[in-house]
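Asks: Pasting the sequence and the predicted model now:
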Amino acid sequence: MDIDVLGALAVRENGVSVTPTAPKPRQVLALLALHADQVVPVAMLIEELWGDRPPRSARTTLQTYVLQLRDLIATALEKDPEGAEPRTAKDVLVTTPGGYLLNTRGGTSDVREFERLAGTGYRAMDAGDFPGAARQLRDALALWTGSALADVQTGSQLEMETRRLEETRLCALDQRIEADLRLGRHRELLGELTMLVSRYRTHENLHGQLMLALHRSGRRSEALDVYQRLRTALVRELGLEPSAGLRRLQRSILMAGPEPAFDQVAAGGGERLSRVG
């Protein structure tokens, strides 16, 4: 089974789509796909579908959605190659004592591949291999084709999962930009960073990276303007001043002194450097 969730939901068995069109079964499949090869408790599925006010028929209705998914899977299993071990839909969407499990049998998952590539990129950063880090993180980010589960109606469980995935995406993006800055690609980053800071108005790391890229491109006054816009947004929206690390970067640019490495900036920023607007 092949699973894509980093964009539109797409689940395929033998190359055949098993993604339903009805909203509720799509939610069930999305939650199972995000936790592929793990048991998803019935209580979690019910909370996703109906929140804290499930109908009395919740379990029966959930079983109906599972049957609908199994019908799609059964059709896809007809494409199993000759001589393959016989399977039924219940072998793929498995009932367990506590819930349900989607058995991928070693198929692909874009989330797993993203996490593998990003992890390789982080280790390359730690080792000082900035070209390798930039390459691995760029490959990881290329797996995203839009917001996670962009075409799925989300309840509380999927909402939490999509927020988590977006945080992992931003973390990988931050590290890829840092690797590119260390490789002297500051001018190439200006357009991308300008777009990102307009989207994430209180994300300190991205603003610090844009300030550094502008400063290194000989655009000192624009770098200082970025700081002022961030400070205004932080005070107005969060009641916070910029972090100590970002203030040090601003002073360095004001004095046109030696540019600090961005890891020094991040070290002074604490948790606010990863805050999303």
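Replies: Thanks, I have the structure now.
Asks: longest helix anywhere in the protein?
Replies: helix 156-182 (DSSP state H).
Asks: and that helix, what does it pack onto?
Replies: Taking 3 or more CB pairs under 8 Å, 6 or more residues apart in numbering; DSSP states H and E as contact, the helices and strands that helix 156-182 lies on are helix 23-34, helix 42-50, helix 110-126, helix 130-141, helix 186-199, helix 204-216, helix 262-267. Every residue, glycine included, has its C-beta placed from N, CA and C.
Asks: Kindly recompute the last result at 6 Å.
Replies: For helix 156-182, the packing partners by 3 or more CB pairs under 6 Å, 6 or more residues apart in numbering; DSSP states H and E come out as helix 23-34, helix 42-50, helix 130-141.
Asks: Quick one: mean pLDDT over it.
Replies: The pLDDT scores in helix 156-182 average 97.
Asks: deepest of the helices and strands packed on helix 156-182, which one?
Replies: Among the helices and strands packed on helix 156-182, ranked by average contacts under mean count of other CB atoms under 10 Å, first place goes to helix 23-34 (a mean of 22).
Asks: Let me see the residues that make contact with it.
Replies: 3, 5, 9, 11, 20, 40, 48-49, 65, 68-69, 102, 149, 152-153, 157-158, 161 (CB atoms under 6 Å, 6 or more residues apart in numbering).
Asks: Can you flag which of those belong to strands?
Replies: When DSSP state E is applied, the contacts of helix 23-34 are split such that I3, V11, V40, L102 fall in strands.
Asks: Adding neighbour count, distance to V226 and pLDDT, write those out as CSV.
Replies: Converted to CSV, those look like this (neighbours: other CB atoms under 10 Å; distance: CB to CB, whole Å; pLDDT from 0 to 100):
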residue, neighbour count, distance to V226, pLDDT
I3, 24, 39, 97
V11, 28, 42, 98
V40, 22, 44, 98
L102, 26, 45, 97
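Asks: before we move on, the earlier item: got the helices and strands packed on helix 156-182 as a markdown table, with distance to D80 columns?
Replies: Below are the helices and strands packed on helix 156-182 laid out as a markdown table (distance: least, CB to CB, whole Å):
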| stretch | distance to D80 |
| --- | --- |
| helix 23-34 | 20 |
| helix 42-50 | 27 |
| helix 130-141 | 32 |
